[in-house]
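S.K.: Build me a model from this:
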Amino acid sequence: MPHLRLLVAHTNYFFRGPDDVVYTRDPDHYERWSRYLTAADEVVAFARCQRVDTIDPKWRAASGPGVSFFDLPSFSGVPAYFRNLFRLRRLADEAVAHCNAFLLRTGGALIPTLAEGAIRRAGKRFAVEVTSDPWMLFQPGGVRTIFRPIARWRTRANLRRQCRDAIAATYVTREALQRQYPPAPGALVGAFSDVDLPPARIRTGPRHYTAPARRVAHVGALNQFHKCPDTLVRAVAECHRRGLPLSLEIVGDGQRRGELEELIASCGVRDSVKILGWLPAGSAVDEALDRAELFVLASRVEGMPRAMLEAMARGLPCIGSLAGGIPELLPPEDLVPSGDVAALADKLSEFATRPERLNAASARNLATAAEYRSDILGPRSLAFFRELRNRFAQFA
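M.R.: The predicted structure is shown next:
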């Protein structure tokens with residue numbers, strides 16, 4: 001079998017420290033990247049990477065033995081992409097020339113599509129890992145850009161084309177993303193979440209409620225309002241007007257944090273809503289979830305929501321939206337339309353005041369989270385990537 005060097009095109013941002021190690025503040029740390037070593041001898045991450053002089057102690061290493069990074073400029077947004085397009089195309093061609101296997105970790109986004117163009121120019125084949133639905137991502141009320149309507153159509157077309165032409169496709173949902181972005185006939189297909197839930201992070205038994213719930217938690221980045229934190233803040237304010245004094249802790253940070261803080265103040269719930277900022281994955285997030293009594297993720301777009309699965313693993317009753325893989329986790333009675341303040345306030349009031357419903361949801365969610373344990377999904381993931389290696393070898 002040939003020596004395989006796998007280029008993985010990724011949408012996230014990373015940091016290259018003065019020690020030349022690449023770091024992340026997201027869950028895409030080295031242990032996550034190393035799973036691709038089952039499909040190849042080396043992994044090269046094709047992603048935006050910013051050089052920094054100091055390393056935040058909360059960051060985790062993303063590079064390591066067998067995993068290196070091909071750094072792209074750390075630009076942000078469509079205008080910056082097109083200003084740098086000729087340089088980016090040159091870099092993409094250079095990266096592809098040094099690899100012989102290719103994987104797009106994609107929701108139709110810019111960086112995987114940039115890599116796709118270089119792969120096609122080189123006459124190579126690729127696999128895809130489908131993580132989200134761009135049609136939902138760019139719906140009205142989500143991303144703030146004048147390019148939103150065009151981006152919505154273009155990214156959906158990108159993802160459908162990539163799935164249609166890929167030699168293999170894996171999805172983070174069981175059915176939702178597959179229906180919208182079907183794989184090619186004869187392609188190797190996998191369906192497993194990339195959420196890492198080690199057994200130690202799963203609560204040993206459900207919670208027991210004897211009184212109404214008052215403490216609500218939400219986890220999500222604040223660069224855009226994909227997770228609808230604005231809707232949740234308004235719904236909490238509406239519950240206050242109805243005489244239900246909920247408190248809310250938001251784990252997350254980003255460029256729209258100031259806007260959300262202004263909304264909190266204007267809704268009159270500054271004393272009841274706190275933004276905790278970014279917390280490192282693992283015990284810090286679990287501590288925030290353990291303080292809560294109810295979790296809400298009424299997102300506009302999702303693949304398989306990591307934050308919700310982590311909340312379910314802590315035995316939290318959850319309210320979600322109809323986006324992506326959320327309906328695969330929660331029953332219909334626990335779902336609301338994304339962006340609907342009145343519906344979310346109604347659901348919060350209905351849920352929070354009924355201990356028997358909270359108890360039933362806690363037990364059910366804990367059982368569901370157990371299906372996503374790393375010791376269950378890990379073997380399925382390994383089997384897929386072993387077979388993917390065979391597919392790559394045919395085209396190397």
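S.K.: Which secondary structure elements does the helix or strand that Leu276 is a member of sit against?
M.R.: Assessed by DSSP states H and E, Leu276 sits inside strand 273-277. Judged by 3 or more C-beta pairs under 8 Å, 6 or more residues apart in numbering; DSSP states H and E, the packing partners of strand 273-277 are strand 247-251, helix 257-266. C-beta coordinates here come from the backbone N, C-alpha and C atoms, glycine included.
S.K.: all strands in the stretch 251-396 of the chain, in order from the N-terminus.
M.R.: Under the criterion DSSP state E, counting those that start in this stretch, strands of the stretch 251-396 of the chain are mapped to 273-277, 294-297, 318-321, 335-336.
S.K.: okay if I get these as a markdown table plus distance to Ala109, mean pLDDT and mean neighbour count?
M.R.: Formatted as a markdown table, those follow (distance: least, C-beta to C-beta, whole Å; pLDDT from 0 to 100; neighbours: other C-beta atoms under 10 Å):
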| stretch | distance to Ala109 | mean pLDDT | mean neighbour count |
| --- | --- | --- | --- |
| strand 273-277 | 25 | 96 | 16 |
| strand 294-297 | 21 | 98 | 26 |
| strand 318-321 | 21 | 97 | 26 |
| strand 335-336 | 26 | 96 | 22 |
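S.K.: returning to that earlier point: among the helices and strands packed on strand 273-277, single out whichever gets nearest to Tyr13.
M.R.: Tyr13 sits nearest to helix 257-266 of all the helices and strands packed on strand 273-277, at 16.7 Å, using C-beta to C-beta.
S.K.: That closest one: which residues count as buried?
M.R.: Buried residues in helix 257-266, counted by 16 or more other C-beta atoms under 10 Å: 257, 260, 263-264.
S.K.: what's the closest of the strands of the stretch 251-396 of the chain to Asp26?
M.R.: strand 273-277 (14.5 Å).
S.K.: Please list the residues outside the closest one that contact it.
M.R.: 222, 233, 236, 247-253, 257, 260-261, 264, 288 (C-beta atoms under 8 Å, 6 or more residues apart in numbering).
S.K.: How far off centre is it?
M.R.: 20 Å (C-alpha atoms, centre = their mean, to the nearest Å).
S.K.: which non-adjacent residue is nearest Arg234?
M.R.: Val341 (4.5 Å; C-beta to C-beta, 6 or more residues apart in numbering).
S.K.: strands paired with the lengthiest strand in the chain, and their directions?
M.R.: Counting residues, the longest strand found in the chain (DSSP state E) is strand 5-16. Applying DSSP bridges to the sheet, strand 5-16 is found paired with strand 22-24 (antiparallel), strand 42-51 (parallel), strand 101-106 (parallel).
S.K.: just these: most buried one?
M.R.: Compared across those, strand 101-106 shows the largest average neighbour count, a mean of 28 (mean count of other C-beta atoms under 10 Å).
S.K.: which element follows that strand toward the C-terminus?
M.R.: helix 110-121.
S.K.: Could I get the buried residue list for that next one?
M.R.: Buried residues in helix 110-121 (16+ other C-beta under 10 Å): 110-116, 118-119.
S.K.: Pro185: neighbour count?
M.R.: 6 (other C-beta atoms under 10 Å).
S.K.: actually Asn84, not the one I typed
M.R.: Asn84 sits with 14 neighbouring residues when counted by other C-beta under 10 Å.
S.K.: Surely it touches Pro73?
M.R.: Yes. Asn84 lies in contact with Pro73 (C-beta atoms under 8 Å); the separation is 6.0 Å.
S.K.: quick one on the thing from earlier: export the strands paired with strand 5-16 to CSV and append columns for mean pLDDT.
M.R.: What follows is these, written out as CSV (pLDDT from 0 to 100):
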stretch, mean pLDDT
strand 22-24, 96
strand 42-51, 97
strand 101-106, 95
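S.K.: Pop the domain breakdown of this protein in here.
M.R.: 5-195+374-395, 199-370 (automatic domain parsing).
S.K.: picking up where we left off before, CA atoms only for the strand holding Leu276 - export them in CSV, please.
M.R.: What follows is strand 273-277, C-alpha atoms only, in CSV (Å, rounded to 0.1, in the frame of the first residue of the first chain):
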residue,chain,number,x,y,z
VAL,A,273,-28.4,36.7,32.6
LYS,A,274,-24.6,36.2,32.7
ILE,A,275,-22.2,35.6,29.9
LEU,A,276,-19.4,33.4,31.2
GLY,A,277,-17.2,33.7,28.1
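S.K.: okay, the angle between it and strand 247-251?
M.R.: Interaxial angle of strand 273-277 relative to strand 247-251 (axes from the mean of the first three to the mean of the last three C-alpha atoms, to 10 degrees): 20 degrees.
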